[in-house]
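Participant: Got a predicted structure here, sequence first:
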Amino acid sequence: MSYTESKQCKLLATNCCICGRPLVDAISVSVGMGPDCRDDYNAGISTEIQTKCNQLTCLAAIAAQKGDIESIYKYATEIETLGLTILADKIRHRFVNAKKNVKITITEAYGNLYVTTPYKRSDGFVKAWRAIEGRIYRDKINIVPVEAKPQVWALLKEFFPKVYGKGPKGLFRIPD
């Protein structure tokens with residue numbers, strides 16, 4: 001087993017926002033970009049712009065871990081305004097298919113969450129939905145009280161890791 005497959009790496013490391021490889025040193029994790037990519041995309045920019053870009057790249061990496069695709073695009077746009085178009089494009093490119101791959105939708109209205117997911121043929125999936133207090137199933141949509149949001153999120157993490165969705169705050173990706 002390589003170090004990138006170790007439990008420690010999976011727990012502690014994020015991935016480079018450019019190439020996707022795991023980040024394994026503190027500096028890389030703090031800026032969201034590995035040393036090779038930092039060297040490739042540091043073409044004569046000032047320290048001030050580099051610092052700001054590193055902060056934005058780090059925020060984009062954190063947003064990616066949370067599955068917050070909309071924030072990633074916002075940070076990429078800010079990086080682009082600093083003059084780092086190639087870096088911004090690389091960050092956006094990693095999520096170019098997010099909108100096409102949405103399989104989960106969540107809307108909020110009247111104090112309820114309206115959740116559609118792909119159907120899973122397992123007793124555990126159905127039991128998990130039925131265990132949410134106040135849940136109603138109507139027209140292939142699970143309707144749950146907003147207060148059950150943590151339970152819904154736990155269910156989604158268990159049955160749909162790495163799946164894209166669209167919710168009230170925009171696109172997201174379920175963490176694994």
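Facilitator: Received it, and whenever you're ready, just let me know what you need. Numbering: from 1, shown residues only.

Participant: And residue 124, how close does it get to residue 130?
Facilitator: 11 Å (CB to CB, to the nearest Å). In this view, the C-beta of every residue, glycine as well, is placed from N, C-alpha and C.

Participant: Quick check: neighbours shared by these two?
Facilitator: With contacts defined as CB atoms under 8 Å, 6 or more residues apart in numbering, no residue is shared by residue 124 and residue 130.

Participant: Identify the residues contacting the helix ranked longest in the chain?
Facilitator: In terms of residue count, the longest helix belonging to the chain (DSSP state H) is helix 47-66. Helix 47-66 has contacts (CB under 8 Å, 6+ apart) with 14-15, 17, 30-33, 42, 45, 69, 71-72, 75-76, 78-79, 82-84, 87, 91, 94-95, 172-173, 175.

Participant: same thing but 6 Å
Facilitator: 14, 17, 31-33, 71-72, 75, 78-79, 82, 84, 91 (CB atoms under 6 Å, 6 or more residues apart in numbering).

Participant: Check stretch 89-108 too.
Facilitator: By CB under 6 Å, 6+ apart, stretch 89-108 touches 17-18, 60, 69, 72, 76, 113-118, 163-168, 171.

Participant: So which residues of this structure form strands?
Facilitator: With strands called from DSSP state E, the chain shows them at 102-109, 112-116, 136-138, 141-145, 164-167, 170-173.

Participant: Same question for the longest helix of the chain: list its buried residues.
Facilitator: Buried residues in helix 47-66, defined by neighbour count with 16 or more other CB atoms under 10 Å: 50, 52-61, 63-64.

Participant: which residues does the residue positioned nearest the centre of the chain contact?
Facilitator: Per CA atoms, centre = their mean, the C-alpha nearest to the average position across the chain is that of residue 67, at 1.5 Å. With contact taken as CB under 6 Å, 6+ apart, residue 67 is in contact with 172, 173, 175.

Participant: are any of these buried, and which?
Facilitator: 172, 173.

Participant: What is the nearest of the buried residues of helix 47-66 to residue 143?
Facilitator: residue 63 (28.6 Å; CB to CB).

Participant: so where's this structure uncertain?
Facilitator: In the predicted model, the chain carries pLDDT under 70 at residues 1-14, 26-27, 29-31, 41-45, 65.

Participant: how's it carved up into domains?
Facilitator: The chain breaks down by automatic domain parsing into domains covering 3-93, 102-173.

Participant: so of those, which one's packed in deepest?
Facilitator: Burial of the domains of the chain is given as mean neighbour count (mean count of other CB atoms under 10 Å); domain 3-93 ranks first at a mean of 17.
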